[in-house]
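Peer 1: here's a sequence, model it:
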Amino acid sequence: MPSGPEQFVDRPEYAREFLRARALLLSHPGRWRVIYHYDGDGIASASSAIRMLRRLGYPFHAAPLLGVERARIDALLTSSPGAVLVVDTGASWLDRFARHPAPVIVLDHHQYPGAPRPPELPEHVAFVDPVDWGVDGMSEMCAATLTWLFSVFIDPENWDNAVWGVSGAISDRQHDGGFRGLNAKLVEEARSRGLLERIDGLPLFGTSLSEALARSIDPFLRGISGRPVEADRFLQALRLDPHRSPDALDREERARLTDALVARLVQQGTRPEFVEVFQVPRYRVPAWRLDAEEIANRQNATGRAGEPSIGVALALGDERAMARARDSEEGWRTGVLNGLRRIEEGGVNSRTALQWFESPEPTLAGTQAGLAMNYLLDPNRPVVVFSPSEDPIKVSGRGTRWLVGRGLDLATAFRESAAAVGGEGGGHRVASGATIPGGTRDRFLDELDRRIAAQIPLPGAP
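Peer 2: Okay, the predicted model is just below:
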């Protein structure tokens with residue numbers, strides 16, 4: 001029999017933090033308010049959490065959090081005098097949870113001030129963050145895999161939350177280059193239990209090769225993505241029928257297409273780690289008869305469409321939610337594709353140590369920034385995207401692991417720069433967000449540019 005959850009990390013803090021959270025959960029069988037971030041990782045985390053609560057027979061009420069907003073957290077806690085479970089957010093507001101009169105469990109994977117030394121918390125607050133066990137929350141464990149593992153601590157029957165753990169990890173791009181660390185251990189455990197299957201195939205989704213290439217955003221192919229006619233010409237030059245299904249290719253045809261796509265990415269200046277998108281292992285969820293990335297895209301899309309509750313309902317088996325999620329995924333892909341086409345054709349703004357642009361699609365801005373960073377922009381400088389709003393202004397930033405290896409820490413830079421203009425920010429070294437007051441965009445950019453310039457060598461510097 002595969003090992004139990006207590007065997008995954010050889011650190012005493014690991015079991016102690018989970019056991020404290022479990023004791024709080026099991027000793028309060030009443031209604032729980034579940035607060036989650038609205039992106040794919042947050043929705044997948046909420047999916048595991050709610051399935052866990054439902055198995056316990058606990059009533060629940062779920063509410064999404066749309067950004068780094070202390071006021072929103074305060075409002076949710078004020079309207080929720082009972083027990084609260086917070087997933088994929090919360091590490092920055094531990095002081096606020098300590099004042100809540102009822103039990104609070106926080107399952108988060110983001111960096112926080114003082115990490116990996118959390119503040120002393122009252123007995124009714126449990127804070128679980130893999131950062132405290134020496135696990136990288138940016139690449140080795142996301143909130144969804146953390147919540148999945150916590151649900152197994154509650155009841156081993158919850159191993160079947162594997163689909164939501166993997167979905168969240170893919171949404172958080174922790175599958176880039178293949179799963180690693182605790183994510184990899186959990187995926188292998190799920191495979192041994194028959195919950196996931198490793199499969200061959202390309203990251204192309206559509207009823208035909210032509211549609212899959214023309215609608216491809218990850219990878220984004222210059223001159224092909226968003227251009228059906230050019231997609232057809234590209235395929236015909238490879239002696240491939242544009243109308244064939246991607247799943248119908250034999251091994252030689254798949255290799256021929258892969259080689260051509262790799263060459264295309266290299267030609268457009270894509271860094272090697274993103275060219276490797278074609279070598280990353282893929283996983284199928286037998287119970288859903290879908291690629292795990294398709295499930296991740298659908299859940300993520302519901303959040304970006306402003307309907308994260310649909311993504312959670314999908315996980316609870318609501319067939320109407322699945323249909324709505326498919327529609328959301330189509331709109332999400334179109335919006336991301338349009339944004340990437342704008343950047344491809346119009347470029348972005350430049351500062352000394354960063355690049356920036358505005359996106360008219362606020363809920364898609366972070367995704368557009370991340371994919372543009374991977375496939376379109378100068379790889380030596382992170383990118384920042386603003387949503388066009390008056391007050392407050394929402395900001396997202398994206399780097400790469402290569403930049404992190406050179407010293408980039410967007411979490412610190414965003415937190416300090418936002419605070420300097422009266423806002424709030426945080427996240428991961430590779431991806432962060434902030435909410436800043438209206439009228440402070442240029443000051444924020446000045447602060448951020450200065451901090452990033454101090455972290456990483458500037459373009460052209462030795």
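
Peer 1: what segments of the stretch 351-462 of the chain are strands?
Peer 2: Taking DSSP state E, counting those that start in this stretch, the strands of the stretch 351-462 of the chain run over residues 355-358, 383-386, 393-398, 424-427, 431-436.

Peer 1: alpha carbons only: can I get the last one in CSV?
Peer 2: Which is strand 431-436. These are the backbone C-alpha positions of strand 431-436, laid out as CSV (Å, rounded to 0.1, in the frame of the first residue of the first chain):
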residue,chain,number,x,y,z
ALA,A,431,4.7,36.1,-10.0
SER,A,432,3.1,38.8,-7.8
GLY,A,433,0.2,41.2,-7.6
ALA,A,434,-0.7,44.5,-6.0
THR,A,435,-3.6,46.9,-5.4
ILE,A,436,-2.5,50.5,-5.3
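
Peer 1: sorry, back to before: Ser171: which of the strands of the stretch 351-462 of the chain is closest?
Peer 2: For the strands of the stretch 351-462 of the chain, distance to Ser171 was read as Cβ to Cβ. The smallest value, 11.7 Å, belongs to strand 431-436. (Glycine included, C-beta is placed from N, CA and C.)

Peer 1: so what strands line up beside that closest one?
Peer 2: Sheet neighbours of strand 431-436, with direction, are listed as strand 393-398 (antiparallel), strand 424-427 (antiparallel) (DSSP bridges).

Peer 1: go ahead and name everything in contact with the longest one.
Peer 2: Pointing back at strand 393-398 there. Applying Cβ atoms under 8 Å, 6 or more residues apart in numbering, the set of residues contacting strand 393-398 from outside is 67, 354, 362, 365-366, 369-370, 372-373, 382-387, 410, 413-414, 418, 425, 427, 430-438, 440-441, 444, 448.

Peer 1: same question for the shortest one.
Peer 2: In this structure, residues lying in contact with strand 424-427 by Cβ under 8 Å, 6+ apart are 68-70, 91-92, 110-112, 395, 397, 410-411, 414-415, 417-419, 432-436.

Peer 1: would you single out the least confident of the strands paired with strand 431-436?
Peer 2: Among these, strand 424-427 carries the lowest mean pLDDT, at a mean of 90.

Peer 1: and it, how far out from the chain middle?
Peer 2: Relative to the mean C-alpha coordinate of its chain, strand 424-427 is positioned 15 Å out (Cα atoms, centre = their mean, to the nearest Å).

Peer 1: so which of the strands of the stretch 351-462 of the chain comes closest to Val125?
Peer 2: strand 424-427 (19.0 Å).

Peer 1: now list the buried members of the contacts of strand 393-398.
Peer 2: The neighbour-count criterion (16 or more other Cβ atoms under 10 Å) marks 67, 354, 362, 365-366, 369-370, 372-373, 382-387, 410, 413-414, 418, 425, 427, 430-437, 440-441, 444, 448 among these as buried.

Peer 1: distance check, Val104 against Ala143.
Peer 2: Counting by Cβ to Cβ, to the nearest Å, the gap from Val104 to Ala143 is 16 Å.

Peer 1: who's more crowded, the two?
Peer 2: In this view Val104 and Ala143 are compared by other Cβ atoms under 10 Å, and Ala143 has more residues nearby, 33 against 28.

Peer 1: give me the neighbour count for the closest residue to that one other than its chain neighbours.
Peer 2: With sequence-adjacent residues excluded and distances taken as Cβ to Cβ, 6 or more residues apart in numbering, Ala143 is closest to Asp88, at 3.4 Å. By the criterion of other Cβ under 10 Å, Asp88 has 31 neighbours.

Peer 1: how about Leu107?
Peer 2: Number of residues near Leu107 (other Cβ under 10 Å) recorded here: 30.

Peer 1: just checking, it touches Ala143?
Peer 2: Yes - when contacts are counted by Cβ atoms under 8 Å, Leu107 is listed as touching Ala143 (6.3 Å).

Peer 1: before we move on, back to that, contact partners for the residue nearest to Ala143?
Peer 2: Taking Cβ under 8 Å, 6+ apart, we find Asp88 in contact with 36-37, 39, 41-42, 45-46, 107-109, 142-144, 147, 168.

Peer 1: and the gap between it and Ser47?
Peer 2: 11 Å.

Peer 1: which residues do Leu107 and Ala143 both contact?
Peer 2: Taking Cβ under 8 Å, 6+ apart as the contact rule, Leu107 and Ala143 both touch Ser45, Val87, Asp88.

Peer 1: out of these, who's nearest Gly201?
Peer 2: Ser45 (26.8 Å).

Peer 1: wait, doesn't that closest one sit right on Ala144?
Peer 2: Yes - between Ser45 and Ala144 there is a contact under Cβ under 8 Å: 4.7 Å.

Peer 1: what residues are shared contacts of those two?
Peer 2: Shared contacts of Ser45 and Ala144, defined by Cβ under 8 Å, 6+ apart, comprise Asp88, Trp164, Gly168.

Peer 1: so can I have JSON lines of those showing secondary structure, pLDDT and distance to Leu314?
Peer 2: Output for these, formatted as JSON lines (DSSP: H, G, I helix; E, B strand; the rest coil; pLDDT from 0 to 100; distance: Cβ to Cβ, whole Å):
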{"residue": "Asp88", "secondary structure": "coil", "pLDDT": "95", "distance to Leu314": "17"}
{"residue": "Trp164", "secondary structure": "helix", "pLDDT": "97", "distance to Leu314": "10"}
{"residue": "Gly168", "secondary structure": "helix", "pLDDT": "97", "distance to Leu314": "13"}
